[in-house]
Structure formats: structure tokens, C-alpha cells
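# no letters, just coordinates:
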């Protein structure tokens, strides 16, 4: 997750003055109530603190189960840059926003703010403990250190709206498959699917300092993280992500107008021999028919999980084969013959792309995909929710 763009001096300076070293505009100064002399701040520190290596293991997209990371800074600082997956609960609004904390009081809750001279995270941690939370920690060096070390920084939906409305000099990159981009995306975004990044990298600006914001299909989608990594390897130095992605944008602001013209309707697909029922999207199957087949005749289909190996290792359907979406074209021929293949992922984005790739390789292939939000367990079970 590293993006090279700072020097050690920037880290030292940010730790002293409590200012972020990254951003698409000069960072705003921390409010006077949060930035105080270091010695005074240390006297207010919460008892359980964690360091950068610990946070590297906790920050993840998708967010880790049982872990909540909370940005205690004012929203004007959270919006243009925060740790990926973190939620905003400004310390000044803590009592009014406790509903955003986990129901499970044993869950790990980590607060951070604007560095060693900022006490907002420590104050919030103490408040959470008083509410009965038993596993509370503070990342004292906070956002300045995270940013200065070149880690991915995320922006909020409100900040994305500001960029779009102001027609800011930033390139918004949709890392989802083109089939989803064509249906709906954030206004002004360009399409560079993560799995076709190399073929589309020429769409990126020549100036490597140009601000880039990558997004995909929500917190369960890793495509924007992957594409951002690839852009960093090409030398781009001002990269951020919008983890909530297109689903949150559409929820808040609706489908862009005018909407992309829908493709001509394809002939209705026939039900598979295994009893899978075609869904609304070409090549998809309904959640109900997939669930029924999994329960009544599991061996009648081959389930291929196209998430990356790290995601697969955190939980998967029992008996599923793991082939990352970028490898489908190379490994399609090696899959079992004689029964339908159903591609699955976490959101339906990568599974749909796997379907498209498989059909390009062999248009007669008996392949399908589950167009749904799917969660998995280490026990081999899953829960699929239709869109």
C-alpha cells in the first residue's frame, strides 16, 4: 500500500505541528482545541496506545471483521484525507454519534486524530471506555504519520461531491469492469478496470503529480486498491482512494443524468441444467436459485471464487476453487467439464468480469456469475444478498 511522496523531514514536522503532509490542497491547520504543546498532550494520553506497524495490520479494504477505526478529527479534516475504512466521529460530536460504535462492547475500537499533539482521539477513547467498551486503543501518531509514510489515504463521499461540483483538477478513476462503468459511474470518471490496467494506463495523465482518486464497488471491493498500487508503480505521486465507491455515491446522489444509454436487451437466457435461474444481468443467476442448488445439489455446479488469495483465505464457500479474476482467461480450460461454472466474489463486480472474460475465450462455455453482495465464513458458509 505504499505511495512514495514524502521525506522523513515531513514526518518530523507533521508530528510537531499536527499537520497532514498530503492532500489535493494545502492542509487546513488543526483546530486549537486539538493541537496543544506536546508535554501537555502527553499528560492526557489514553492508557492503551498502538504504533504504525500495528495499524498497518489493522487497516484493510474490506475492513477487518470485529475492528472499527474511528477518526476523531473534525469532518473538514476527515473528508479530504483519512485512513481507509475509518469512520468519522468527531470528538466534539461523540455523545451524539455513539450509534456508530459497534453493538459488541468487546469489539476492537481504534481512535486516531492529528498526531502526538492532538488529544481528540485520547478523549474519545476515554469516553468509549466509559460506555463499556473493553478493547479500546489509540493510534497516537495518527493521520500525519500514516500519510507521511506513504500509505493509501481515502476521501469521503462529501469530498468526492465537492470535487465533482467544483470540476476540480483531479482524475477520478473507476476500477470496476467496463460493463459496470457503462451502466453507471461517478460523473466525470474515466474507466480503467483493475484487471485491464496495463492496457488502459495511457488514459492516465502525463503529469505524474496530477491528483488521482480511484474507486470501485464499495468497501468489499479491492479493485481500486489494486489499481492505485499499479498507478503508484508507474510513478504517480498524488493518489487517493474512495473506498465507499459507486454504491455510496449512487445512494447519496442518484444515477448521473443523462444516464448512459442501456445496451440492447439480450435474448433471455435459458435455465441451466443444474436448475440455476437467470438473473436480471446477462449471465447472472438469481440468489434464490443459487442458494437452492447449493443446498439441494451442491455437486451439480462448480463454484469458482475470483477474489484474490488473501480475501479467499479469510473465508470462502466450501469446495470453491480460487482463481483470481485476472487469471480466468489462462485457467478456464483447466476447470471441470460437464457442469455449470458459477463465478462468485464479494460484490458481483469481479464475478461479472470473469463471466465476460470466459465468454470471450469460449462463447459456448457453460458459465454464470452471482451478481450479489456475498459474505463468507471460515466454516465454508456464505450469505448472499441480492442487489
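Thanks, I have the structure now. Keep in mind the model is a prediction, meaning the values are calculated, not measured.
# going by C-alpha atoms from here, please, whenever you check contacts or count neighbours.
Fine.
# assign residue 241 to helix, strand or coil.
Here residue 241 is recorded as strand under DSSP: H, G, I helix; E, B strand; the rest coil.
# check contacts around it.
Contacts for residue 241 (C-alpha atoms under 8 Å, 6 or more residues apart in numbering) come out as 84, 152-155, 213-215, 224-225, 228.
# is it fair to say residue 383 lies in a strand?
Yes - assessed by three-state DSSP, residue 383 belongs to a strand.
# wait, it sits on residue 347?
No - counting by C-alpha atoms under 8 Å, residue 383 stays clear of residue 347, with 11.8 Å between them.
# between the two, what contacts are shared?
Residues touching both residue 383 and residue 347 (C-alpha under 8 Å, 6+ apart) are residue 374.
# who's more crowded, those two?
The residue with more neighbours, out of residue 383 and residue 347, is residue 347; 23 against 14, by other C-alpha atoms under 10 Å.
# what distance do you get for residue 217 to residue 352?
According to C-alpha to C-alpha, to the nearest Å, residue 217 and residue 352 sit 12 Å apart.
# how far out from the middle of the chain is stretch 123-141?
25 Å (C-alpha atoms, centre = their mean, to the nearest Å).
# list the buried residues for it?
Buried residues in stretch 123-141, defined by neighbour count with 16 or more other C-alpha atoms under 10 Å: 123-128, 133, 135-141.
# in helices, which of those residues appear?
Mapping these onto helices (DSSP state H) picks out 123-128.
# let's have the residues you listed in a markdown table, adding distance to residue 115.
Shown next, in a markdown table, are these (distance: C-alpha to C-alpha, whole Å):
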| residue | distance to residue 115 |
| --- | --- |
| 123 | 13 |
| 124 | 14 |
| 125 | 15 |
| 126 | 17 |
| 127 | 19 |
| 128 | 20 |
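# and of these, the nearest to residue 207?
Residue 207 lies nearest to residue 124 out of those, by C-alpha to C-alpha, at 41.0 Å.
# okay, now the closest residue to the closest one other than its chain neighbours: neighbour count?
Nearest non-adjacent residue to residue 124, counting by C-alpha to C-alpha, 6 or more residues apart in numbering: residue 91, 5.6 Å away. Counted with other C-alpha under 10 Å, the neighbours of residue 91 add up to 25.
# show me the contacts for residue 91.
Contacts for residue 91 were tallied using C-alpha under 8 Å, 6+ apart; they are 72-74, 120-121, 123-124.
# out of these, who's the most crowded?
residue 72 (32 neighbours).
# show the contacting residues for that residue.
88-91, 111-113, 120-121, 124.
# if I look at the residue nearest to residue 124, how far off is residue 77?
Here the criterion is C-alpha to C-alpha. By it, residue 91 lies 13 Å from residue 77.
# just curious, which of the contacts of residue 91 is nearest to residue 339?
For the contacts of residue 91, the minimum distance to residue 339 (C-alpha to C-alpha) is 52.3 Å, reached by residue 72.
# could you measure from that closest one over to residue 128?
For residue 72, the distance to residue 128 equals 12 Å [C-alpha to C-alpha].
# ok, now residue 384?
From residue 384 to residue 128 the distance is 33 Å (C-alpha to C-alpha).
# and for residue 335?
Noted for residue 335: a distance of 51 Å to residue 128, by C-alpha to C-alpha.
# again with residue 337
From residue 337 to residue 128 the distance is 55 Å (C-alpha to C-alpha).
# just the helices in the stretch 51-200 of the chain please.
Along the stretch 51-200 of the chain, the stretches classed as helices by DSSP state H, counting those that start in this stretch are 52-58, 75-78, 120-130, 142-148, 157-165, 178-181, 197-200.
# any weak-confidence spans in the stretch 101-250 of the chain?
Along the stretch 101-250 of the chain, segments meeting pLDDT under 70 are nowhere present.
# let me know whether residue 211 touches residue 171 as I believe.
Yes - between residue 211 and residue 171 there is a contact under C-alpha under 8 Å: 6.3 Å.
# can you give me the strands in the stretch 251-387 of the chain?
For the stretch 251-387 of the chain, the strands defined by DSSP state E, counting those that start in this stretch cover 284-285, 302-305, 321-322, 341-344, 367-370, 372-376, 382-386.
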